[in-house]
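Asks: Below are the sequence and a predicted model; questions follow.
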Amino acid sequence: MTETWQSNEFDTIEMHTGGEPVRIIPGLLDAIRGDDILAKRRDMRDRLDGVRRMLMFEPRGHYDMYGAVLVRPSLPGADLAVLFIHNEGYSTMCGHAVIALARYAVEQGLVARSLPLTRVGIECPCGLVCAWVAEDGSVSFDSVPAFAFALDHQVDVPGIGSISVDIGYGGAFYAVVDAARLGVSLDGRLRDLVEAATALSDAVRRSIRVRHPDADDLGFLYGSILTDGRERAGDGPSRNVCVFADAEVDRSPTGSGVTTRMALRHARGLVDSGEACVFESITGARFGASVNGPAVLPGHHAVTVRVSGRAHYSGRARWSLEPGDEIGRGFLLR
């Protein structure tokens, strides 16, 4: 590999949350440098991006693969720290991975178990996320401050025309819209949903610049969430699909996406603090969520959100790269 990390073998723990993969990579703890988590993310991107390609791309991964690289924590209260990786690069938050990592941390002895709930502090690029692991392995986490960035933002989507979308932050920025406004259905072809969501993300990026008050590194639109149009808790479970990074599809309801949707609902007065909501993905997996209450964030009416779900183990692996195997460094076919 061209980076300073010279190992050609990596051990991983394989998990999934609602069908969305989480490839946990513990072997880079002392290889990635930086005074804080965002500096560590830049360091991996600059020096060790070949590891991401090797473990996310084919032949060891696939277009929709997702990974979690463990690094040394730098925040008080953090039991572990993580960089999230995918087909395009590095994300700021990932709720489905937090759910998996919290269970992994307790069951692998990284955090001592306590009853009835074990707290696991996970330092993410967006900040410290506190997760709570129950005796049965189910997990809840409390989000970083989440907020509505723009409500009823008008955007022109090629082939669709002008539509109104909401933009919010739940650890990452998303555009959220009823799928029907884009002329697609959550019961239709996945390819149509991906194309519609990608067109929406591109249009939103052209029309507005998202900003986060804490760090410029957090200020980018991560993707779009297409919903079934149900936004009130009394309407029952709401289905959605999240398309993020380079047209990658989340199989889970999307933890940071659910957080965003709850912040948007709260901003519109559709849910009260403590009111329970349920979100369902295209695999049928469900996350529960509720607004905890107000959060301090300069310039925004922010809230914290509690999201609940379950992750499962799917295996362990040792991945290797033979000398001279240039294709084995990673490629993607769409």
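Replies: That came through fine.

Asks: only C-alpha atoms for contact and neighbour calcs from this point on.
Replies: Noted.

Asks: Neighbours of the residue nearest to residue 160 when sequence neighbours are not counted, how many?
Replies: Ranked by C-alpha to C-alpha, 6 or more residues apart in numbering and with sequence neighbours excluded, the top spatial neighbour of residue 160 is residue 182, at 6.4 Å. Close neighbours of residue 182, defined as other C-alpha atoms under 10 Å, add up to 21.

Asks: Relative to residue 193, how far out is residue 182?
Replies: Distance, residue 182 to residue 193, using C-alpha to C-alpha, to the nearest Å: 9 Å.

Asks: Run through the helices of this structure in chain order.
Replies: Secondary structure of the chain (DSSP state H): helices located at 37-47, 49-56, 95-107, 190-207, 255-267.

Asks: Among those helices, which comes closest to residue 276?
Replies: helix 255-267 (9.9 Å; C-alpha to C-alpha).

Asks: For the closest one, buried residues please.
Replies: Using 16 or more other C-alpha atoms under 10 Å as the test for burial, helix 255-267 gives 255-267.

Asks: from the residues you listed, which two are the most distant?
Replies: 255 and 267 (18.4 Å).

Asks: Hmm, residue 258 and residue 172 touching each other?
Replies: No - shown here, residue 172 and residue 258 do not form a contact pair, counting by C-alpha atoms under 8 Å, at 10.9 Å.

Asks: and the residue nearest the centre of the chain, what is it in contact with?
Replies: The residue lying closest to the centre of the chain (C-alpha atoms, centre = their mean) is residue 94, at 2.5 Å. By C-alpha atoms under 8 Å, 6 or more residues apart in numbering, the contact list for residue 94 reads 84, 171, 254, 255, 256.

Asks: Now pLDDT too, for those residues, in CSV please.
Replies: Shown next, in CSV, are the contacts of residue 94 (pLDDT from 0 to 100):
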residue, pLDDT
84, 98
171, 97
254, 98
255, 98
256, 98
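
Asks: circling back: among the helices of the chain, which comes closest to residue 118?
Replies: Closest to residue 118 of the helices of the chain, according to C-alpha to C-alpha: helix 95-107, at 7.6 Å.

Asks: Same question for that closest one: list its buried residues.
Replies: Across helix 95-107, burial judged by 16+ other C-alpha under 10 Å covers 95, 96, 97, 98, 99, 100, 101, 102, 103, 104, 105, 106.

Asks: tell me which of the contacts of residue 94 is nearest to residue 295?
Replies: For the contacts of residue 94, the closest approach to residue 295 (C-alpha to C-alpha) belongs to residue 171, at 13.3 Å.

Asks: Phi, psi for the closest one please.
Replies: The phi/psi pair for residue 171 (degrees, to the nearest 10) reads phi 110, psi -20.

Asks: Please report how far it lies from residue 51.
Replies: Distance from residue 171 to residue 51, counting by C-alpha to C-alpha: 24 Å.

Asks: low pLDDT regions in the stretch 1-150 of the chain?
Replies: 1-7 (pLDDT under 70).

Asks: of residue 171 and residue 51, who's got more company?
Replies: Legend: neighbour count by other C-alpha under 10 Å for residue 171 and residue 51, higher for residue 171 (28 against 24).

Asks: In contact with the more buried one, which residues?
Replies: Residue 171 touches 92, 93, 94, 126, 143, 144, 145, 146, 256, 259, 260, counting by C-alpha under 8 Å, 6+ apart.

Asks: Against residue 73, how distant is residue 205?
Replies: Applying C-alpha to C-alpha to residue 205 and residue 73 gives a distance of 32 Å.

Asks: And these two? Which one has more around it.
Replies: Neighbour comparison, residue 205 and residue 73: the larger count goes to residue 73, with 22 against 16 (by other C-alpha under 10 Å).

Asks: Grab the nearest non-local neighbour of the more buried one.
Replies: Leaving aside its sequence neighbours, residue 73 sits nearest to residue 81 (C-alpha to C-alpha, 6+ apart; 4.7 Å).

Asks: who's in contact with residue 206?
Replies: Contacts of residue 206 were listed using C-alpha under 8 Å, 6+ apart, and none were found.

Asks: Residue 163 is in contact with residue 151, correct?
Replies: No - using C-alpha under 8 Å, residue 151 makes no contact with residue 163, being 12.0 Å away.

Asks: State the distance from residue 230 to residue 291.
Replies: Applying C-alpha to C-alpha to residue 230 and residue 291 gives a distance of 17 Å.

Asks: more neighbours, the two?
Replies: Each of residue 230 and residue 291 has its neighbours counted (other C-alpha under 10 Å); residue 291 has more, 25 against 15.

Asks: Would you mind splitting this structure into its domains for me?
Replies: Recorded structural domains for the chain (assignment: the TED database) are 9-138+313-329, 146-309.

Asks: roughly how far is the shortest one from the heart of the chain?
Replies: In this view, domain 9-138+313-329 has its centroid 12 Å away from the chain centroid, taken as C-alpha atoms, centre = their mean, to the nearest Å.

Asks: repeat for the last one
Replies: Relative to the centre of its chain, domain 146-309 is centred 12 Å away, using C-alpha atoms, centre = their mean.

Asks: From start to finish, how long is it in a straight line?
Replies: One end of domain 146-309 sits 19 Å from the other (C-alpha to C-alpha).
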